[in-house]
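A.B. asks: Need coordinates for the below:
(3 chains)
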Amino acid sequence: MPSALINVPPKAKRGDVIEIKTLMSHIMETGYRHTASGEVVPRDIITSFACRYNGTEIFRADLYPAIAANPFISFFTTATESGKFEFEWIGDKGFSETASASITVE
Amino acid sequence: MRLLGCIALASALAGAALAAEIPQDQRRSGYSFMSADTKAMQDDDTVNPGMLWVLDGEALWKRKAGTSDKSCADCHYDARVSMKGVAAHYPAYEKAFGRPLDLEGRINLCRANHQQATPLPYESRDLLALTAYVAQQSRGMPIEAGDDPDLKPFVEQGRELFMQRQGQLNLGCANCHDDNWDKKLAGSAITQGHPTGYPLYRLEWQSLGSLQRRLRACITGIRAQAYDWGSPELVALELYLMSRARGMPMEAPAVRP
Amino acid sequence: MADTDHTRRTFLGLAGGAAVLGTVPVVIVRPVEATPAMLQTAIRNVVGEANVRTGKVKLDIPPLVENGNTVPMTVSVASPMTADDHVKSIHVFNEKNPQPNIGNFHLGPHAGRAQISTRIRLADSQKVVVIARLSDDTFWSATVDIVVTLAACTEEVI
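C.D. replies: Below is the predicted model of the structure:
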């Protein structure tokens, strides 16, 4: 199983704007390369990433071959309540991975 | 086109008189030559892609393997304790073989002898992950490889290989990394070629890679035949580089352009 | 001209799958590249007939890139990020990669701050264009010219 590195502050005050950083292991093969024998190396990329905060989608990204290998994505959200962030990466060749992180909001 | 440009540059380098080895107080990690953005990627574990391999390595450390059905943790327990400073001593002399082994070789020896499992191929994800996890436990610690008297002839062999000119470009490692480390080659800093960060994440590779991979790239770059993975020559070069960097802090998993 | 072409090939030859070693198949590249027309079309697909104004958007990207395979970038948009006035999405495009799109990022008022970071591939020195769609459906953009210096020649043979 490919590993993901998620960074969410474990604690925040209600109303704080927090940064969420994510890294996912993936080669992001562009689909624009050929082997010596002329065959196309098939595209194999992550096409979508989403983050849900206690069930509600708060961020989504569509990715293209120009995103570097081992995609890094960071974004912000407002800490409103304690709970769970769920992350989902979907891509070519049936790629589908999830990860989660919890936060305590005071 | 690029190749031609490089040959022209390379012969300019080769023409320069051989300088002495770099004095202790002038040694600089490849880190210090990097742009602020690349430094930032290495400095923060939450954005350093090399940490993906460290995470994998931590999982593998606890996974049972081979007919012994033992994990690394079954014998070595907590890596943060048992592996602290270990990577800073590698390559180390292995009595059973009468020659040095690098960290990858040592890990594979444990797989073979202690786990009764097949060795992991060089540059495989699992071997890189285990090596990264073990090496990370030496972060910030000074390199201490090459002191063992049994290693002396191998350090010397590595030094000779480092000095020796070879390949179509007729260059030695020293021509670039001792004599021209303040210059640039086709836009990239040459640097002093210190092995402080391995295994490390190269932006170019878009992956983690071993010191052997880096050395093979430099050898191919001077249009010479690269030594085989795990060959005594590569291990001797690794050993010489580590002894040349003695006292410098370990950075694994580092980031390089 | 020939030089530019070669630069692009070298980059693309290395992009993506360089992790496979030992038995690396020699990989050569299909000579394609997005055209300014393709970039315009990609932008039209997002903005429709709307007018795109410059301003409000800031693109932080090293002007001189150490390695085109992994270029860190941050986009931020000046916005109060309230229910009535916020950034709905951020779209990143390039001029010369084989495809003009880099990524679309969808956010909302709860983000608190209209800022995203990622790492991208740039096949060559070129323009990167960022467009933000605000809650009132106006579009704002920033464009940055980036110079990609390549790694040493020692790398192309790997």
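A.B. asks: check contacts around B:Lys64.
C.D. replies: By Cβ atoms under 8 Å, 6 or more residues apart in numbering or on different chains, the contact list for B:Lys64 reads B:Lys70, B:Ser71, B:Asp74. From N, CA and C alone the C-beta is placed, and that goes for glycine too.
A.B. asks: just B:Gly105 next, same as before
C.D. replies: Applying Cβ under 8 Å, 6+ apart, one finds that B:Gly105 lies in contact with B:Pro91, B:Glu94, B:Gly230, B:Val235.
A.B. asks: what does B:Ala87 give?
C.D. replies: B:Leu103, B:Val134, B:Ala135, B:Gln137, B:Ser138, B:Met250, B:Ala252.
A.B. asks: of those residues, closest to C:Val46?
C.D. replies: Proximity of the contacts of B:Ala87 to C:Val46, judged by Cβ to Cβ, is greatest for B:Ala252, which lies at 42.0 Å.
A.B. asks: any low-confidence regions in chain A?
C.D. replies: Scanning chain A for pLDDT under 70 picks out the ranges A:1.
A.B. asks: quick one: the strands in it?
C.D. replies: Residue ranges of the strands in chain A, as given by DSSP state E, are A:4-7, A:11-12, A:17-24, A:33-35, A:46-53, A:56-63, A:72-78, A:83-91, A:96-105.
A.B. asks: and those strands as JSON lines, adding mean neighbour count and distance to B:Leu109?
C.D. replies: Written out in JSON lines, the entries for these read as follows (neighbours: other Cβ atoms under 10 Å in any protein chain shown; distance: least, Cβ to Cβ, whole Å):
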{"stretch": "strand A:4-7", "mean neighbour count": "18", "distance to B:Leu109": "30"}
{"stretch": "strand A:11-12", "mean neighbour count": "16", "distance to B:Leu109": "44"}
{"stretch": "strand A:17-24", "mean neighbour count": "20", "distance to B:Leu109": "32"}
{"stretch": "strand A:33-35", "mean neighbour count": "17", "distance to B:Leu109": "35"}
{"stretch": "strand A:46-53", "mean neighbour count": "19", "distance to B:Leu109": "37"}
{"stretch": "strand A:56-63", "mean neighbour count": "19", "distance to B:Leu109": "41"}
{"stretch": "strand A:72-78", "mean neighbour count": "22", "distance to B:Leu109": "35"}
{"stretch": "strand A:83-91", "mean neighbour count": "18", "distance to B:Leu109": "37"}
{"stretch": "strand A:96-105", "mean neighbour count": "14", "distance to B:Leu109": "34"}
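A.B. asks: Compile these into CSV and extend it with columns for distance to chain B.
C.D. replies: Formatted as CSV, the strands of chain A follow (distance: least, Cβ to the nearest Cβ, whole Å):
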stretch, distance to chain B
strand A:4-7, 4
strand A:11-12, 16
strand A:17-24, 5
strand A:33-35, 13
strand A:46-53, 14
strand A:56-63, 15
strand A:72-78, 6
strand A:83-91, 13
strand A:96-105, 11
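A.B. asks: I'd like those strands laid out as JSON lines, including distance to C:Asp60.
C.D. replies: Supplementary listing: these in JSON lines, determined by distance: least, Cβ to Cβ, whole Å:
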{"stretch": "strand A:4-7", "distance to C:Asp60": "19"}
{"stretch": "strand A:11-12", "distance to C:Asp60": "25"}
{"stretch": "strand A:17-24", "distance to C:Asp60": "15"}
{"stretch": "strand A:33-35", "distance to C:Asp60": "29"}
{"stretch": "strand A:46-53", "distance to C:Asp60": "21"}
{"stretch": "strand A:56-63", "distance to C:Asp60": "18"}
{"stretch": "strand A:72-78", "distance to C:Asp60": "12"}
{"stretch": "strand A:83-91", "distance to C:Asp60": "24"}
{"stretch": "strand A:96-105", "distance to C:Asp60": "26"}
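A.B. asks: re earlier: can you name the two of the contacts of B:Gly105 that sit furthest apart?
C.D. replies: Taking Cβ to Cβ, the two most distant members of the contacts of B:Gly105 are B:Glu94 and B:Gly230; they sit 12.7 Å apart.
A.B. asks: picking that back up, what subset of the contacts of B:Lys64 is buried?
C.D. replies: B:Lys70, B:Ser71 (16 or more other Cβ atoms under 10 Å in any protein chain shown).
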